[in-house]
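1. predicted structure and sequence below. I'll ask about it afterward.
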Amino acid sequence: MTKETITRRPKLAASILLAGAIVYFLLCQPAIWTRGYPRLDPFWRAMPWLWFVPVFISAVYDDDRRRRLSYLVLFAVFVGFTMAGTFGGALTPRHMSLAKMLRGTVFWGPINVGVTLLLERGWHSVLRRVRGFTDEGKCRNCGYLIRHLTIARCPECGTPFDRRWLTGDEPAPEPTLRPWRTRMVAVVLLAVAFSTPPLFHAAAIAISAQRGWAAGKRHWRAGTAVLYIDYIGIPGFAHKHSSLPVDPLSGLPLLWASRGVEKETFERAFNAAVNEELAKAGKRSLSHYVFSNPELERLLNHASFHDIPQLPFRVGELIQLVDGPEGLAVNGSSTRLDPHLLPRQFAFLEEPAGLLVLRCGNELYTMLEDGTLLQYAMVSSSGTHLGVLP
């Protein structure tokens, strides 16, 4: 394969290193300042590992390692400063500061400088198979004039060059106007940089879901199955330190749901596996009927609500809505609703089947067909918010 001959562009190469260092620092901000809980999204955890991309892209346009040395050292030290913030400190809780990052640079800086110079050397070996540079009568290493010499070696630095250039009879090669191979190398590097975080995110989520499903099945077979559930909006549990002994529907122990996309994915898959086994046994669980805020928003937008004209009012066969001593009562068990709030509506959901949604003013309740109250939320102009029963 014939090499492409291109013109060196040292200013562009240095600008790529400078811009890469700044962009890298900005993209690593979530990894630096996240306190460790909930765990950082895998998308942002992948960012600190992309520090070498500017080194590779800038090397495409300049192979003068002596000229690039100072730029590379500065870049590597700054990257070490950033990495000291992303990898330093305890994970949970994680408290990072500027002073800690500066101290961490003492460790990461020299390591990054050494690794950067090794990557630079190896990457130039790869790039030589694709492109060469015009020398314009000068040594490609030190810039010494090499026309009309008697030996094909630079007397200044000892770098060999093409013997045909000893006289002025054969000029140095002209640069390629559109070096597509060289540009393709830079495009591929950018594509790798842009695609790595989302691919890492997708892989981490898929692995978490697979692990959660397998763990749910394994615990069910061992007789140690539990259910993960968010305490917010569940009747009778005002804060996270309240006791959640067992699920009233399935009889399984309940554990608090975690925060963080990977743990949430794991626990959803775990619950799905347990719920599948419960369905085979003809049972159901509370986790099957608990909604998140986005799910409640979709419910309000798509459920078919019907007005409650007056009280008492019967919904289905088992639920009687009446005026109670402390507000609107369901089957004689007061939920402390204000009967004067409007609108006063109800809706039966098709999925999950047998779930009643009761709306009274800005308050939203979900309950089973037998009147068992499951969840409570407040509806406001800014959206739906899970809350504690009044």
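-> That came in fine, so what should we check first?

2. the residue nearest to the spatial centre of the chain - nearest residue in space that isn't next to it in sequence?
-> The structure's the chain has its C-alpha centroid closest to F43; by C-alpha atoms, centre = their mean the separation is 2.8 Å. Leaving aside its sequence neighbours, F43 sits nearest to H201 (C-beta to C-beta, 6 or more residues apart in numbering; 4.1 Å). From N, CA and C alone the C-beta is placed, and that goes for glycine too.

3. mean confidence for the longest helix anywhere in the chain?
-> In the chain, ranked by residue count with DSSP state H as the criterion, the top helix is helix 180-222. Averaged across helix 180-222, pLDDT comes to 93.

4. name the residues that touch whatever helix or strand comes next after that helix?
-> Once helix 180-222 ends, the next helix or strand along the chain (criterion: DSSP states H and E) is strand 227-229. By C-beta atoms under 8 Å, 6 or more residues apart in numbering, the residues outside strand 227-229 that reach it are 244, 247, 250, 252-258, 267-268, 270-271, 274, 285-287, 290.

5. now the buried members of the residues you listed.
-> Neighbour-count burial (16 or more other C-beta atoms under 10 Å) applied to the contacts of strand 227-229 gives 244, 247, 250, 252, 254, 257, 267-268, 270-271, 274, 285-287, 290.

6. report the inter-axis angle for the helix or strand hosting A279 versus helix 180-222.
-> In the assignment (DSSP H and E), A279 maps to helix 261-280. If you take axes from the mean of the first three to the mean of the last three C-alpha atoms, to 10 degrees, helix 261-280 sits at 40 degrees to helix 180-222.

7. which parts of helix 261-280 are buried?
-> 261-271, 273-275, 277-278.

8. quick one: name whatever helix or strand follows it.
-> helix 293-302.

9. which other helices and strands does that following helix contact?
-> Counting by 3 or more C-beta pairs under 8 Å, 6 or more residues apart in numbering; DSSP states H and E, the packing neighbours recorded for helix 293-302 are strand 373-380, strand 383-386.

10. let's see it at 10 Å
-> If you count contacts as 3 or more C-beta pairs under 10 Å, 6 or more residues apart in numbering; DSSP states H and E, helix 293-302 packs onto strand 344-349, strand 355-360, strand 363-368, strand 373-380, strand 383-386.

11. which secondary element of the protein has the worst mean pLDDT?
-> Every helix and strand in the chain was compared by mean pLDDT, DSSP states H and E; the lowest is strand 333-337, with a mean of 54.

12. ok, the residue nearest to F266 when sequence neighbours are not counted - how many residues close by?
-> The spatially closest residue to F266, leaving aside those adjacent along the chain, is G212, at 3.8 Å (C-beta to C-beta, 6+ apart). G212 has 23 neighbouring residues, counting by other C-beta atoms under 10 Å.

13. distance of G212 relative to L12?
-> 48 Å (C-beta to C-beta, to the nearest Å).

14. look at the nearest residue to L318 once chain neighbours are set aside and give its secondary structure.
-> Spatial nearest neighbour of L318, excluding adjacent residues (C-beta to C-beta, 6+ apart): D370 at 5.0 Å. Classification of D370 by DSSP: H, G, I helix; E, B strand; the rest coil places it in coil.

15. so D370 sits right up against E317, yeah?
-> Yes: using C-beta atoms under 10 Å, D370 is in contact with E317, at 9.4 Å.

16. quick one, which of the two is more surrounded?
-> Legend: neighbour count by other C-beta under 10 Å for D370 and E317, higher for D370 (13 against 8).

17. re earlier: CA atoms of the helix holding A279 as CSV?
-> The C-alpha coordinates for helix 261-280 follow below in CSV (Å, rounded to 0.1, in the frame of the first residue of the first chain):
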residue,chain,number,x,y,z
VAL,A,261,-29.0,3.1,37.4
GLU,A,262,-27.2,-0.2,37.8
LYS,A,263,-28.6,-1.1,41.2
GLU,A,264,-32.1,0.0,40.1
THR,A,265,-31.8,-2.2,37.0
PHE,A,266,-30.6,-5.1,39.0
GLU,A,267,-33.4,-4.8,41.5
ARG,A,268,-36.1,-4.4,38.8
ALA,A,269,-34.9,-7.6,37.1
PHE,A,270,-34.7,-9.3,40.5
ASN,A,271,-38.3,-8.3,41.2
ALA,A,272,-39.4,-9.4,37.8
ALA,A,273,-37.9,-12.9,38.2
VAL,A,274,-39.6,-13.2,41.7
ASN,A,275,-42.9,-11.9,40.4
GLU,A,276,-42.8,-14.4,37.6
GLU,A,277,-42.5,-17.2,40.1
LEU,A,278,-45.2,-15.7,42.2
ALA,A,279,-47.5,-15.6,39.2
LYS,A,280,-46.9,-19.3,38.6
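
18. and it, how far out from the chain's middle?
-> 21 Å (C-alpha atoms, centre = their mean, to the nearest Å).

19. can you show me the strands along the stretch 1-150 of the chain?
-> Using DSSP state E, counting those that start in this stretch, the strands of the stretch 1-150 of the chain run over residues 4-6, 131-133.

20. okay if I get the ones you listed as TSV plus mean pLDDT, distance to F78 and mean neighbour count?
-> Converted to TSV, these look like this (pLDDT from 0 to 100; distance: least, C-beta to C-beta, whole Å; neighbours: other C-beta atoms under 10 Å):
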stretch	mean pLDDT	distance to F78	mean neighbour count
strand 4-6	80	28	19
strand 131-133	79	27	19
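
21. take those and lay them out in a markdown table including distance to E363.
-> Output for the strands of the stretch 1-150 of the chain, formatted as a markdown table (distance: least, C-beta to C-beta, whole Å):
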| stretch | distance to E363 |
| --- | --- |
| strand 4-6 | 69 |
| strand 131-133 | 69 |
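
22. that older thread, to G80, which of the helices and strands packed on helix 293-302 lies closest?
-> Of all those, it is strand 383-386 that lies closest to G80, at 43.0 Å by C-beta to C-beta.

23. what mean pLDDT does that closest one get?
-> Strand 383-386 comes out at a mean pLDDT of 59.

24. all further residue positions should be reported with the first residue as 897.
-> Sure thing, new numbering starts at 897, so read that last one as strand 1279-1282.

25. cool, thanks, signing off.
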